[in-house]
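K.L.:
Take a look and give me a structure for this.
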Amino acid sequence: MLAIFNQKLLDFASDISCLRASGKADDVPALDILKPSVEMIIQFDPKKSQAVFHECVVERYGPQIELRDEKFLLENDYKESAADLGDTDIVDMVKKVWTNLNVAEKNAIWDHLSLLVMLSKRCT
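P.N.:
Numbers count the residues shown, from 1 in each chain. Model prediction:
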């Protein structure tokens with residue numbers, strides 16, 4: 001299950017990083033290092049990626065992600081959780097690009113995050 005989680009996390013990091021190249025996330029430079037950072041964490045400690053995701057995303061935002069709560073996503077301040085992750089909070093990154101996305105891109109992000117939440121729960 002952990003290997004599947006890590007692959008899906010890499011897929012998400014790759015997909016969301018492409019938003020920067022498309023010009024939809026010019027104000028989120030952290031996206032440039034997201035995929036390489038995830039790859040490095042998985043390479044050196046495959047369990048760490050799931051543990052950090054679970055603590056910093058699932059435990060904080062799991063119900064809102066499962067409900068696809070766009071209002072919650074846009075109206076909350078993620079500075080505290082971003083600081084916990086060295087200013088690389090995934091949910092904060094999504095918030096910063098959200099208004100530039102079309103419906104299909106938003107649904108793809110919700111699908112990625114929902115799957116990662118489910119897989120992370122199964123890994124614990």
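
K.L.:
Give me the packing partners of the helix or strand where Arg122 lies, helices and strands only.
P.N.:
Assigned by DSSP states H and E, Arg122 falls within helix 103-123. Under the contact definition 3 or more C-beta pairs under 8 Å, 6 or more residues apart in numbering; DSSP states H and E, helix 103-123 sits against helix 2-21, helix 46-53, helix 59-66, helix 90-98. Backbone N, C-alpha and C define where each C-beta goes, glycine included.

K.L.:
Buried deepest among those, which one?
P.N.:
For the helices and strands packed on helix 103-123, the largest average neighbour count (mean count of other C-beta atoms under 10 Å) is found in helix 90-98, namely a mean of 20.

K.L.:
how far off helix 103-123 does that one point, in degrees?
P.N.:
Here helix 90-98 points in a direction 170 degrees away from that of helix 103-123 (axes from the mean of the first three to the mean of the last three C-alpha atoms, to 10 degrees).

K.L.:
Other residues contacting helix 90-98?
P.N.:
By C-beta atoms under 8 Å, 6 or more residues apart in numbering, the residues outside helix 90-98 that reach it are 16, 19, 24-25, 27-28, 30-31, 34, 53, 56-57, 60-61, 70, 73-74, 76, 78-79, 81-82, 106, 109, 113.

K.L.:
what's the spacing between that helix and its chain's center?
P.N.:
Mean C-alpha position of helix 90-98 versus that of the full chain (C-alpha atoms, centre = their mean, to the nearest Å) differs by 8 Å.

K.L.:
Likewise for stretch 57-77?
P.N.:
11 Å.

K.L.:
Make TSV out of the helices and strands packed on helix 103-123 and add distance to Glu39 and mean pLDDT.
P.N.:
Formatted as TSV, the helices and strands packed on helix 103-123 follow (distance: least, C-beta to C-beta, whole Å; pLDDT from 0 to 100):
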stretch	distance to Glu39	mean pLDDT
helix 2-21	7	91
helix 46-53	10	92
helix 59-66	23	92
helix 90-98	15	84
